[in-house]
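S.K.: quick check, what structure comes out for this input:
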Amino acid sequence: MKQKLSLWDIFWTFFKIGAFTFGGGLAMMPVMRREVVHKKNWVDDEEILKILVISESTPGVFAVNSATFIGYKLRKFMGSLVATLGVVLPSLITISIISLFIIQFREIKWVSYMFSGIQVGVAILIFKAALSLSKKLTMTLFTGLVLAIVFLLALFTNINVIILIFLSALAGVVFHYFLSLKEAKQHVA
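M.R.: Numbering: from 1, shown residues only. The predicted structure is shown next:
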């Protein structure tokens with residue numbers, strides 16, 4: 001990234017991401033990845049994975065958090081501002097238009113059918129994003145065990161995902177702390 005990116009380019013990229021993604025934040029991940037990693041080369045897959053973790057761990061909407069982080073990386077405050085506006089504006093426009101016709105809109109059967117089809121597509125997008133990002137993980141016995149436990153807890157309990165993320169982070173810190181103690185003892189001996 002040799003020359004300074006234009007704020008318009010950042011805004012327009014995130015506007016397109018916001019406009020052409022249905023299903024919310026995680027469904028945006030593959031589209032965002034294609035735009036900012038593959039097409040624009042603004043960030044790499046490793047940074048996208050970090051942004052995903054941070055965006056899911058911080059309060060707020062995933063898409064907004066991700067756009068804000070990437071925008072800040074590109075052009076500091078103004079980059080984060082235009083990226084955030086870009087990703088939010090399409091939804092704001094769409095919701096404003098829909099709110100004008102909500103009662104009539106709700107009664108149309110094919111609209112209901114359309115949204116049930118969109119839900120399936122969104123589930124596939126989220127699965128594809130998770131599969132793609134999982135390839136970047138360093139899989140060890142420990143990370144596999146944590147992944148399996150957290151997956152089962154998320155699937156079969158009502159434990160808040162934020163708590164699961166926090167517990168996973170805590171498990172990582174504790175595990176690596178004891179691992180470093182063990183290595184230190186081996187170096188002393």
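S.K.: please parse this protein into its domains.
M.R.: Following automatic domain parsing, one gets these domains for the chain: 1-135, 138-189.
S.K.: I'd like the ones you listed as JSON lines, with mean pLDDT and mean neighbour count appended.
M.R.: Using the backbone N, CA and C atoms, a C-beta is placed for each residue, glycine as well. JSON lines is the format used below for these (pLDDT from 0 to 100; neighbours: other Cβ atoms under 10 Å):
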{"stretch": "domain 1-135", "mean pLDDT": "83", "mean neighbour count": "16"}
{"stretch": "domain 138-189", "mean pLDDT": "89", "mean neighbour count": "11"}
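S.K.: am I right that M32 is in contact with S66?
M.R.: Yes. With contact defined as Cβ atoms under 8 Å, M32 reaches S66; the gap is 6.2 Å.
S.K.: just to check, D45 is in contact with V37?
M.R.: Yes. D45 is in contact with V37 according to Cβ under 8 Å; the separation is 6.0 Å.
S.K.: in the chain, which residue is most central in space?
M.R.: L52 (4.1 Å; Cα atoms, centre = their mean).
S.K.: the spatially closest residue to G71 that is not a sequence neighbour and V31, how far apart?
M.R.: Using Cβ to Cβ, 6 or more residues apart in numbering and skipping the chain neighbours, the partner closest in space to G71 is A83 (2.8 Å). Here the criterion is Cβ to Cβ, to the nearest Å. By it, A83 lies 14 Å from V31.
S.K.: nearest residue to T143 other than its sequence neighbours?
M.R.: Closest to T143 by Cβ to Cβ, 6+ apart is L137, at 6.5 Å.
S.K.: tally of neighbours for that neighbour?
M.R.: Neighbours of L137 under the rule other Cβ atoms under 10 Å: 11.
S.K.: pLDDT at it, what is it?
M.R.: If you check L137, the pLDDT there is 78.
S.K.: so it, which state does it fall into?
M.R.: Under DSSP: H, G, I helix; E, B strand; the rest coil, L137 falls in the coil class.
S.K.: do I have it right that it meets L131?
M.R.: No. Using Cβ under 8 Å, L137 makes no contact with L131, being 11.1 Å away.
S.K.: ok, for A171, nearest residue in space, not its chain neighbours?
M.R.: In space, A171 is closest to V146, 5.6 Å off (Cβ to Cβ, 6+ apart).
S.K.: which residues does that neighbour contact?
M.R.: 168, 171-172 (Cβ atoms under 8 Å, 6 or more residues apart in numbering).
S.K.: please identify the helix or strand for it.
M.R.: Per DSSP states H and E: V146 is located in helix 141-156.
S.K.: ok, then the element right after that helix?
M.R.: Sequence order places helix 161-188 as the next helix or strand after helix 141-156, per DSSP H and E.
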